[in-house]
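Novice: have a look at this fold, sequence not included:
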């Protein structure tokens, strides 16, 4: 989550050209950099994107273009004494701020919200808490909002994460943090809400401060519905780093909120520790005192025959030493499961699969089992290869056809849950090779790019990322995907035409219906324009699905955090879901226009005016807000 840049000047044909060189966290190995979360990698590259965008955005030629009664005006101008609340059809805006006017070279900064999570109070279903990356203060922070009426209306709250105690950061009184993100939220059985938040320093090059520390903290909202939070945050892990070769990345949290569980109200956090030795182990810590203190972090990703390829790196905590995208979740009996992506599997020829593994704890997160294979999966394709060199070194979700505007970084990850009805462990994951996209349809694995990112024959023509399901009926001892190729696993949901699905989340309703939400390009011409929709699917048996469109209209490709073409490099890493009563997906939404100071205004004698803008690629500049909706009814015969 950190930007570190050294600026060097080079004289080229009499012109002073400034070149950006990633610093600090770029001292992670190339393998670690490839696996860091999209949020972090975006931050590492942001200086480059900002420099490219400075010459790119084009505001309207006519100054003083007026605001009309459109979603853009609603997102910018408050109504009466209220905030900039908004609905688009059945979709409700979660972040209540009004859009800031940022300079064109800082599109997204002070504006965007993305990377969403949502939780529902099991003691009061009307109380919801949402979290997201929130850039409204300029840099990213862990944004929070709460609703007391089931998501019909929302209010903002503030995470008090400006500084924490500094004893573990060189023995100072306070450790100030420059940025934060990767949030998640959960409730316990007493009505307390919890927020976990990754914080970090940007280090020398981006700032004049060489501190490159990172940490993870948990904040508690003590029985006031997420309206306020304790201060300071309670440390899960603190990493004092003045060099920039380590990173505590991609945390996620759950709370065991099953009444009667032997570990009722225990708080669990998992994350990836990118260490100085080049490894990336999944770590875990728990709290048994309502988030007041946490156990010593321990590596849990393990080792064994599932991980034969150690990349020549040390294996101090087992042979599964390169991992990312962990998610903890609990069963009705108190068992803790942690699913994660693992990259230590062996491949042959042009095959480029990786694997999802799971470990479990039956003693409240004290000890863990050896990893079990949930399924193989095929990650998204190398962006630069298929999108004219854009977003080099990252994967993305290319649209089909000639357009090359869909370049925001993305990766496939697992999301799991346990049925309260029969204890089945359901894990959803996305895979570029699947039942509907494989060699028979013209989509074939083709090895790796020079960046180590997947290549395929058929990208932009015959390949479609799909959400698949792997299930365990024996408490995680084995899964349907343990021995079944992703080409044969069931695909979640129903599409009128096969198109890309990604950024899914899974949850069970209290009656045992599996609910899954995801971005979906099967509507209209989304698959060729790159536009986005969100779908929600549900199933009582994991085979037969109902599916509905969650978005009331398609969302254009994002434009904030743009490259030189005006194509967004970042819209978050994931999108959340709650499903205790009704299905409540939450997502980053791009239907509101971005706004800027009109050229030629804000000068002596010329009052400032507000204008929209067009990116170099011809797309209307847009904002990233957080929206959600509610689908379905609360009854035992759900959908």
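Specialist: All right, it came through fine. What you see is a predicted model, and the numbers here were worked out from it, not measured in a lab.
Novice: alpha carbons only for contacts and neighbour counts from here, please
Specialist: Noted.
Novice: distance of the residue nearest the centre of the chain relative to residue 450?
Specialist: The centroid of the chain falls nearest to residue 573 when counting by C-alpha atoms, centre = their mean (2.4 Å). Applying C-alpha to C-alpha, to the nearest Å, the value for residue 573 to residue 450 is 23 Å.
Novice: any idea which element the residue lying closest to residue 449 once chain neighbours are set aside lies in?
Specialist: Distance criterion C-alpha to C-alpha, 6 or more residues apart in numbering; nearest residue to residue 449, sequence neighbours excluded, is residue 455 at 6.2 Å. Take DSSP states H and E as the rule and residue 455 turns out to sit in strand 454-457.
Novice: tell me which residues are up against that strand.
Specialist: Here strand 454-457 makes contact (C-alpha atoms under 8 Å, 6 or more residues apart in numbering) with 352, 379-382, 385, 395, 442-449.
Novice: how many neighbours does residue 465 have?
Specialist: Around residue 465 there are 24 other residues, counting by other C-alpha atoms under 10 Å.
Novice: repeat for the one 3 residues further on
Specialist: As a burial measure, the neighbour count of residue 468 was computed by other C-alpha under 10 Å and equals 24.
Novice: so what's it up against?
Specialist: Residue 468 is in contact with 428, 429, 430, 431, 434, 486, 489, 490, 491, 492, counting by C-alpha under 8 Å, 6+ apart.
Novice: can you list these in TSV and add secondary structure and neighbour count?
Specialist: Below are the contacts of residue 468 laid out as TSV (DSSP: H, G, I helix; E, B strand; the rest coil; neighbours: other C-alpha atoms under 10 Å):
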residue	secondary structure	neighbour count
428	strand	25
429	strand	29
430	strand	29
431	strand	29
434	strand	25
486	coil	27
489	coil	19
490	coil	20
491	strand	24
492	coil	28
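Novice: between those residues, which is closest to residue 408?
Specialist: Of all these, residue 408 sits closest to residue 430, with 16.8 Å by C-alpha to C-alpha.
Novice: show me what contacts that closest one?
Specialist: Residues near residue 430 by C-alpha under 8 Å, 6+ apart: 377-379, 412-414, 465-468, 501-502, 504.
Novice: same thing but at 7 Å, please
Specialist: Counting by C-alpha atoms under 7 Å, 6 or more residues apart in numbering, residue 430 makes contact with 377, 412, 413, 465, 466, 467, 468, 502.
Novice: again with residue 510
Specialist: Contact partners of residue 510, counting by C-alpha under 7 Å, 6+ apart, are 420, 580, 581.
Novice: with residue 100 instead?
Specialist: Counting by C-alpha under 7 Å, 6+ apart, residue 100 makes contact with 110, 111.
Novice: so it sits in a helix?
Specialist: No - according to DSSP: H, G, I helix; E, B strand; the rest coil, the state of residue 100 is coil, so it is not within a helix.
Novice: what about the spatially closest residue to residue 547 that is not a sequence neighbour, which helix or strand?
Specialist: Leaving aside its chain neighbours, residue 547 sits nearest to residue 537 (4.2 Å; criterion: C-alpha to C-alpha, 6+ apart). Per DSSP H and E: residue 537 is located in strand 533-539.
Novice: mind listing the strands that strand pairs with, and their directions?
Specialist: Counting by DSSP bridges, the strands paired with strand 533-539 are strand 514-520 (antiparallel), strand 546-549 (antiparallel).
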